[in-house]
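[1] fold the following for me, if possible:
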Amino acid sequence: TPAISELFSLPPDVKKIEHVDDTKAKHAAKFVMHLEDHTAGNLLRYSLLRNENVKFSGYRRPHPLENKIELKVHTNGKISPKEAVKQACDNLCTEFIKMKEAFLMQVKEFKGEGK
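    Okay, here's the model as predicted:
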């Protein structure tokens with residue numbers, strides 16, 4: 001079982017995200033994301049698949065005791081896999097902001113402050 005500190009902090013020599021180009025397929029890459037789990041993996045996969053330039057996106061958690069995911073991305077070549085992941089993250093941030101604003105508006109209405 002990993003130590004609690006390993007679940008929340010990275011050693012100084014480990015990057016949060018590692019990018020590895022796929023040597024077998026053009027316009028494909030793997031991103032190893034440390035300290036992430038199925039929540040981030042599934043959100044990113046879903047957001048990537050909504051991009052028309054992404055041909056494939058999938059993730060896996062290599063081992064239940066390793067606190068990381070591997071995200072694979074294959075694009076059509078119009079954008080790089082790295083750019084596709086950046087766009088997916090930006091799109092998710094925009095959606096989260098809209099969700100927060102809608103939630104706060106509903107809370108105000110519930111409390112009677114929105115009238």
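[2] so how far is H34 from the most centrally placed residue in the chain?
    Geometric centre of the chain, nearest residue: L44, 3.6 Å, by CA atoms, centre = their mean. Using CB to CB, to the nearest Å, L44 is found at 14 Å from H34. C-beta here means a position set from N, CA and C on the backbone, and glycine is covered the same way.
[3] what is the host helix or strand of the residue nearest to the centre of the chain packed up against?
    Using DSSP states H and E, L44 falls within helix 38-49. Judged by 3 or more CB pairs under 8 Å, 6 or more residues apart in numbering; DSSP states H and E, the packing partners of helix 38-49 are strand 54-60, strand 68-75, helix 81-111.
[4] which residues touch E70?
    Going by CB atoms under 8 Å, 6 or more residues apart in numbering, E70 touches K30, F31, V32, M33, Y59, R60, R61, P62.
[5] would you write a ChimeraX line that selects the buried entries of these?
    A single ChimeraX command selects the buried members of these (16 or more other CB atoms under 10 Å):
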select :31,32,33,59
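[6] tabulate the contacts of E70 (TSV), appending pLDDT.
    Output for those, formatted as TSV (pLDDT from 0 to 100):
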residue	pLDDT
K30	98
F31	98
V32	97
M33	96
Y59	97
R60	97
R61	96
P62	94
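[7] which of the contacts of E70 sits closest to K72?
    Minimum distance to K72 across the contacts of E70 is 5.2 Å, recorded for K30 (CB to CB).
[8] could you report the separation of that closest one from I97?
    29 Å.
[9] pLDDT below threshold where in the chain?
    1-2, 6-7, 114-115 (pLDDT under 70).
[10] cutoff 90 now
    1-14, 64-67, 112-115 (pLDDT under 90).
[11] Q87 - nearest residue in space that isn't next to it in sequence?
    N51 (6.3 Å; CB to CB, 6 or more residues apart in numbering).
[12] would you quantify the distance from F103 to T94?
    F103 is 15 Å from T94, by CB to CB.
[13] same question for N67.
    Computed as CB to CB, the N67 to T94 distance reads 27 Å.
[14] more neighbours: which of those two?
    Between N67 and T94, counted using other CB atoms under 10 Å, N67 has the larger neighbour count: 17 against 10.
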